[in-house]
Structure formats: structure tokens, C-alpha cells
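Participant: Sequence first, predicted coordinates after that:
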Amino acid sequence: RRHKKVDGLLYGLNANVMFQQQAESYFWYNDSTGMFLSFPGSLYNYRDVLLYVDPYITHFSKTGDRHTARGRYFFSDNDADKNQASKSQNFFAEYQYQRFFKKIGFNLITGLVGQYTFATSKIFIGLPGGGNRSHQVNAALYLQLEKKFFKRLTLLGGSRFEYFEINGLERGKPVFRTGLNLMLTEATFLRGSWGQGFRFPSIGERYILTNVGGFGFFPNPDLQPENSWSAELGLKQLFKIRNFGGFIDICGFYQHYENFVEFNSGRWGQGPNQSENLGFRFLNTGRARVYGLEISVAGSGKFSDRVDCQILGGYTYSMPQTLTPNYAYARLDWLPNKDSVTYLNSTWGDTARRILKYRIQTLVKFDGQLNIKLGKQNNYLIFCGFSSRYYSKMQSIDLFFFETDAPISFPTGIRNYRDRETGNLVFDIRVGTTIKNKWRVALISNNITNRAYALRPMNPAEPRTWILQLGLII
């Protein structure tokens, strides 16, 4: 609502509640006839209740000041079987002040943000001293300055102090960022940026302890924060060809990580039942980097007053690598002659290029839609759309899955699947109509060719699905 008596004051409230009941599986039964069957014990059922309430208030003053306050209360109740039920509450608040100083040409943005999470779960028994309750606090103070020079060059610089506390463990660190945007011509823009990152491990990464299908998720209360920095250089070119206009964006990026956090498969448990000692654990694996290239194309155009189209395409290639392939990030006494776990002795795949595990390096996307307007007032619309996605083969996974793919242990067929996998191309289609610019009816099919593929080892993506959608535009 806009306040009737106070100019520039508006406030509102967004809220949502969702109920869902479904089942998920961690692993398929095998790579052929059992791809859409669950490995014994790996299927779990759950019912979710999710609720959030988002209040906000904004005031624009006559002098150009902008004050914004927003908050969120988020509640989640996950009633899952196999002793995996959990409840959490999250409280979030932020205040931001923004002002443009006309005389000196500076734009100032500053603010405070805080977040508190309280969670209870049967899977958080990895907490110090036992128990199943956990809390996490995140607070930050930030400041950013922007200035435009010669009506073509915009420079910005900013800093943010991050504070984290989780179950008594505290960390705080300032991070910085800088960037520029240069208008080379009226249709050509060059941009660059550099920034630091500081990520604290989550409650689940540090304290989860559970078992599904004979495989566990084990805690690591000694997990340390992850530090990083990233840089980007991009060029954006606008274009127009007759009645068709859009842009092409080319961007190169580089990311560097210290104390890189990854989950690793292995025999992390120490209980008497050896089968229940197998599973996953989050670990600091040393230094890593990710660099690559991203290209985006978007546009729209008209063939006539009644026929138009939109297209959107993208290509991303990345090279994710460990910089410390021989770094011993864990110790397992049961490993013969290799009790120290490193990237090289725990990875199956492209270790020559030191490719990080579970990364898809090439992603290509395309989406196009044709719209045809009907009726005397163009108040009827028929549309048809097509999209496609290509995912390259995942080069590296945990050696653990290769070694256990045997009849007497974990016969998933992952060896056979990886031998024949060369990449995956998926197609979607949609057709529909809008009636009097009010009702929208659409028929959507995802994975129309019904391709059987997996973006995570031993976890198949959805087969062909059909969706009938009815919408009311208010």
C-alpha cells in the first residue's frame, strides 16, 4: 500500500504457505532396468509444511534519500521417516539506506543485515555434547559507493563485515569488492569486477548424522570456513536487425578458494556394523579454482503486428580444478598403504587435469517462443515454445563408488553407465493460449524424448512429464 498522507511511503506484506507430500531416493537400483527403482533402503518419504511471512517498508524522501526495511519469518516442518524429521525457524531482518549526492555525483548504499536460525532434528546428533538442537547467527554491516565519470564510466567499491556464530563457534571477517562499467559506444558496454567471499559451514555440513539405505551422512564439527575471491570481465553488445533486437554478452570469470569445502564418500564411521560406516562427509580439501567463459544471447522481434517471437540462449564452460591434489585432508586407518586421503587417491576420473568431483563443465541452453495474436482487439493469444539443454559428461566422481560397484557390496552399475555416457541433450516443448488477456491454458512436456540420464551419479533425472496448466491473470 502507498500511504495517503506521507509522500513516498509504501509498505506491504507477502506471505506463502505450502504443503507437500512426496518421496525421494538417494540411489537407483542399477543403471539399466532398475534406473527408476530405489536401492534397498534408500527411499524415504516425507511431508513438508513451509511457511514464510515477509513484511517490508520503503520511504523515498524529497531530498533523494531511500530507506528500506524488510524482514522474513520462515518456518519449516519436515516430517520424514527413517529418523530424518526436522523443524527449523529462521528470522531475517535488513535495513538499507541509499542516497545520491548530486553535487559530487556519488551514490551511497549502506545497511545492516541479521539472520538467526534455530533447528531441531533427529539427524543433528553430531552436536558437541549430544542433543538435537542447533542454532546459527549471521550478521553483517555493508557499505558501497558508486560514482559516474564523463557520463560513460561508473566505478564502485564496497566492503562488508561478516559475522557468523554456530553453536558457540564464532568467526568474523571483512570482505571487499570493486567494479567498473564503461560505455564504449551507445550499444557496447565493458564491465569488470573483483570481490572476496567468506562462507561459514552450515548446520547440516558440520553436524548431520544419519543413515539411509546402508549409507550414512557423518558430521565434521571441525569443518572450517571457506574463503574465496573472484574476478570477472565482460562485454555486452546491443544489436537491432530490422524488427528484431537484443544483446550478446560474453564474460570470462575466475574464482579462487581456500579451505575449499566438498563432500566425500568413504568409510567414515567407526561402529561395529561395517556397512553402516559407509557414507558421506564434508571436508576442507585445500585450495581450488574455477575459471571459464559464459556467452548469453537474448532478443525479441516482430514478424507482423500479430506475430512476434523471443529467444534466449546461453553457453557456459568452466574448468574446476584442485590446486592441492596431494594435500592430505583426512585420515582413514583402514586404507591399506594410503591412510591419508587426498584428491588423487580418492577420485575416479580425470585426475590428470585435476578436475573437481561432481562438476558438469559444459552447459548449453536455448529457449524460443512464437506468439500469435488473434481477435479484433488482439485479446487472444496462441503461443508455442521449445527449449533444449545440453549437459556434458561429469568427468570426476569419488573412487569409492567405482570400488564398491560389485555384487557383494554396492552393485549400482555406475561403471557401465559412465563408460557409455557421452553427454546429455534434453528437449522440452509447450503450447498454450490466453483468453481475453485473463485466462492462460498451457500444455507442457519436459524431456519430450524421454531420455534416461543422471546429473548426479546414481540419481536419475525426471523422465518425460506432462503438465496441464491453468492460470488466472489478475
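Facilitator: That came through fine. What you are looking at is a predicted structure, and each value in this text was computed from that prediction instead of being measured.
Participant: Could you use CA atoms for every contact and neighbour count after this?
Facilitator: OK.
Participant: Figure out how far stretch 225-241 is from the centre of its chain.
Facilitator: Relative to its chain's centre, stretch 225-241 lies at 17 Å (Cα atoms, centre = their mean, to the nearest Å).
Participant: Just the buried residues of that stretch, please?
Facilitator: By neighbour count on 16 or more other Cα atoms under 10 Å, the buried set for stretch 225-241 is 225-238.
Participant: Could you do stretch 435-448 as well?
Facilitator: Under 16+ other Cα under 10 Å, the buried positions of stretch 435-448 are Ile435, Arg440, Val441, Ala442, Ile444, Ser445, Asn446, Asn447.
Participant: Which of the buried residues of stretch 225-241 fall in strands?
Facilitator: Judged by DSSP state E, strands contain the following of the buried residues of stretch 225-241: 226-238.
Participant: Nearest spatial neighbour of Leu184, chain-adjacent residues omitted?
Facilitator: Leaving out its chain neighbours, the residue that sits closest to Leu184 by Cα to Cα, 6 or more residues apart in numbering is Leu190, at 6.9 Å.
Participant: partners of the helix or strand where the one you found lies, with directions?
Facilitator: Element membership for Leu190, per DSSP states H and E: strand 188-199. Counting by DSSP bridges, the strands paired with strand 188-199 are strand 169-185 (antiparallel), strand 226-241 (antiparallel).
Participant: what's the first-to-last distance across stretch 430-450?
Facilitator: 15 Å (Cα to Cα, to the nearest Å).
Participant: check contacts around the residue most central in space within the chain.
Facilitator: With distances taken as Cα atoms, centre = their mean, the residue of the chain nearest its centroid is Arg359 (13.1 Å). By Cα atoms under 8 Å, 6 or more residues apart in numbering, the contact list for Arg359 reads Pro320, Met394, Gln395, Ser396.
Participant: and which of those is nearest to Ile473?
Facilitator: Among those, Met394 lies closest to Ile473 (Cα to Cα), at 41.3 Å.
Participant: what sits against the closest one?
Facilitator: Neighbouring residues of Met394 by Cα under 8 Å, 6+ apart: Tyr358, Arg359, Ile360, Gln361, Leu455.
Participant: repeat that with 7 Å
Facilitator: Neighbour list for Met394: Tyr358, Arg359, Ile360 [criterion: Cα atoms under 7 Å, 6 or more residues apart in numbering].
Participant: Output those in TSV; the columns should cover secondary structure.
Facilitator: Conversion of the contacts of Met394 to TSV gives the following (DSSP: H, G, I helix; E, B strand; the rest coil):
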residue	secondary structure
Tyr358	coil
Arg359	coil
Ile360	coil
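Participant: Closest one to Asn83 out of the ones in strands among the buried residues of stretch 225-241, please.
Facilitator: Glu226 (30.1 Å).
Participant: Next SSE downstream of the helix-or-strand element of the chain with minimal mean pLDDT?
Facilitator: Ranking every helix and strand in the chain by mean pLDDT, DSSP states H and E puts strand 210-212 at the bottom, with a mean of 71. As assigned by DSSP H and E, the chain's next helix or strand after strand 210-212 is strand 215-218.
Participant: can you list contacts of that next one?
Facilitator: For strand 215-218, contacts defined as Cα under 7 Å, 6+ apart pick out Ile208, Leu209, Thr210, Asn211, Trp268, Glu276, Asn277, Leu278, Gly279, Phe280, Arg281.
Participant: cool, stretch 151-158 as well?
Facilitator: For stretch 151-158, contacts defined as Cα under 7 Å, 6+ apart pick out 143-148, 176-183.
Participant: Least confident of these?
Facilitator: Least confident by pLDDT among the contacts of stretch 151-158: that is Lys148, with 89.
Participant: Identify the residue nearest it in space, chain neighbours excluded?
Facilitator: Spatial nearest neighbour of Lys148, excluding adjacent residues (Cα to Cα, 6+ apart): Thr154 at 4.2 Å.
Participant: Please work out how many residues are found near the one you found.
Facilitator: By other Cα atoms under 10 Å, 16 other residues sit near Thr154.
Participant: Assumed it was part of a helix.
Facilitator: No - assessed with three-state DSSP, Thr154 is strand; it does not lie in a helix.
Participant: Could you tell me how far it is located from Leu108?
Facilitator: Distance from Thr154 to Leu108, by Cα to Cα: 13 Å.
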